[in-house]
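sequence first, predicted coordinates after that:
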Amino acid sequence: MSGLLQRGITAFFFVVVVVGCILGGAHTFVILFAIITLLCLWEFFNIVLIKNKKRDLLRRILGLCLGFVPYLLAVAYHFQIYNNSTVFIALASLLFFPIVFTSFIYELYTKSEQPFHNVAFIVLGLFYIGFPFALLCFAAFHNGIYEPTIILGILIMNWLNDTGAYMFGSKFGKTPLFPRISPKKTWEGGAGGLLGAVIAAWGMSYFTDTFTLSQWLGLAAIVVVFGDLGDLVESMLKRSFGIKDSGNLLPGHGGFLDRFDAFIFLLPFATAYILLLC
């Protein structure tokens, strides 16, 4: 099977599953992104935590648990499992701090040469992946009502940004965007990505009444700018550790972190924008 055909087949089934779960309702949406959050966290810790000793498995499990806590709290909030600040503080304390302190205690017994280095990476997963995916719930739910078109719109703009950048970059790309981090990315590709996101924004305004065209275009600008930066940040991560892909779960596309690097990075900014609109 050729590489292009493999990429196409993977992309088709990937899009069908993601779009189907988003449109399937609040529960399938929550389950889908719970799985994606865990997979992205796992790939991240496989990169940054040394894998040649058995004890590193426990470090990755601790990081996975810590990084998943914000998503659990966000889901619990939107499904009204708790509805006051006292319960939230209690839950957060019971979930966050035991894991963090366990990481410190664990390093006392590992004889690692860089114990705080390991703990820092465990906490970094919380901020780099855990919190952005938790914010996704605040972008999707408004006054207890699930709005699938918002998340679908962000994803479509992100996908068309990537597709436009790839197509224009392959055909017209001459001026490197950030050669030190990603030599293949070009300004011409960036322009193609912007065009793709604008087309997606127009389509969303035409087929849905969630936002006006100008509001969708504002969201498209956030998707393009911070999505491209997120892609560069993950490229910097992989270059720092000398790897090509974050994983191999998506044939022809690498890992889940490779597919959601831009989405993760743009989520805090997109969510703030959406909350201001709503």
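Nice, I can see it. Numbering: from 1, shown residues only.

could you find the closest non-adjacent residue to residue 212?
residue 205 (6.5 Å; CB to CB, 6 or more residues apart in numbering). Glycine gets a C-beta too; all of them are placed from N, C-alpha and C.

neighbours around that neighbour, how many?
18 (other CB atoms under 10 Å).

next one: residue 206
By the criterion of other CB under 10 Å, residue 206 has 10 neighbours.

what mean pLDDT does the helix or strand harbouring it get?
Residue 206 belongs to helix 187-207 when assigned by DSSP states H and E. What helix 187-207 shows for mean pLDDT is 91.

the very next helix or strand once past that helix packs against which elements?
Using DSSP H and E, the helix or strand that follows helix 187-207 in sequence is helix 213-240. Counting by 3 or more CB pairs under 8 Å, 6 or more residues apart in numbering; DSSP states H and E, the packing neighbours recorded for helix 213-240 are helix 26-48, helix 148-172, strand 182-186, helix 187-207, helix 256-277.

give the buried residues for helix 213-240.
215-235, 237-238 (16 or more other CB atoms under 10 Å).

how about stretch 183-203?
Within stretch 183-203, the residues that count as buried by 16+ other CB under 10 Å are 185-198, 200-201.

out of those, who's nearest residue 243?
Distances from residue 243 to the buried residues of stretch 183-203, taken as CB to CB, are shortest for residue 185 (17.9 Å).

just put the helices and strands packed on helix 213-240 in a markdown table and tack on distance to residue 110.
As requested, these are arranged in a markdown table below (distance: least, CB to CB, whole Å):
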| stretch | distance to residue 110 |
| --- | --- |
| helix 26-48 | 15 |
| helix 148-172 | 39 |
| strand 182-186 | 35 |
| helix 187-207 | 43 |
| helix 256-277 | 25 |
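
which of those has the lowest average pLDDT?
Looking at the helices and strands packed on helix 213-240, the lowest mean pLDDT belongs to strand 182-186 (a mean of 79).

next, the angle helix 213-240 makes with that one.
In terms of direction (axes from the mean of the first three to the mean of the last three CA atoms, to 10 degrees), strand 182-186 departs from helix 213-240 by 160 degrees.

pairing partners for strand 182-186, with directions?
Strand 182-186 sits in its sheet next to strand 176-178 (antiparallel), going by DSSP bridges.

surely residue 139 forms part of a helix?
Yes. The assignment for residue 139 is a helix, going by DSSP: H, G, I helix; E, B strand; the rest coil.

my guess is it meets residue 151, correct?
Yes. Assessed by CB atoms under 8 Å, residue 139 is found in contact with residue 151 at 6.5 Å.

which of those two has more residues huddled nearby?
residue 151 (23 against 20).

just give the nearest non-adjacent residue to the more buried one, would you?
In this structure, residue 151 finds its nearest non-sequential neighbour in residue 140, 5.1 Å apart by CB to CB, 6+ apart.

and the one you found, how many neighbours?
25.

kindly report the same for residue 181.
By other CB under 10 Å, 18 other residues sit near residue 181.

now do it against residue 8, distance only.
Distance, residue 181 to residue 8, by CB to CB, to the nearest Å: 27 Å.

before we move on, what about residue 205?
For residue 205, the distance to residue 8 - CB to CB - is 29 Å.

go on, residue 145?
Residue 145 sits 36 Å away from residue 8, going by CB to CB.

counting neighbours, go ahead and name the busier of the two.
residue 8 (12 against 9).

tally up the residues packed near the closest residue in space to residue 17 that isn't next to it in sequence, please.
Nearest non-adjacent residue to residue 17, counting by CB to CB, 6+ apart: residue 32, 7.7 Å away. Neighbours of residue 32 under the rule other CB under 10 Å: 16.
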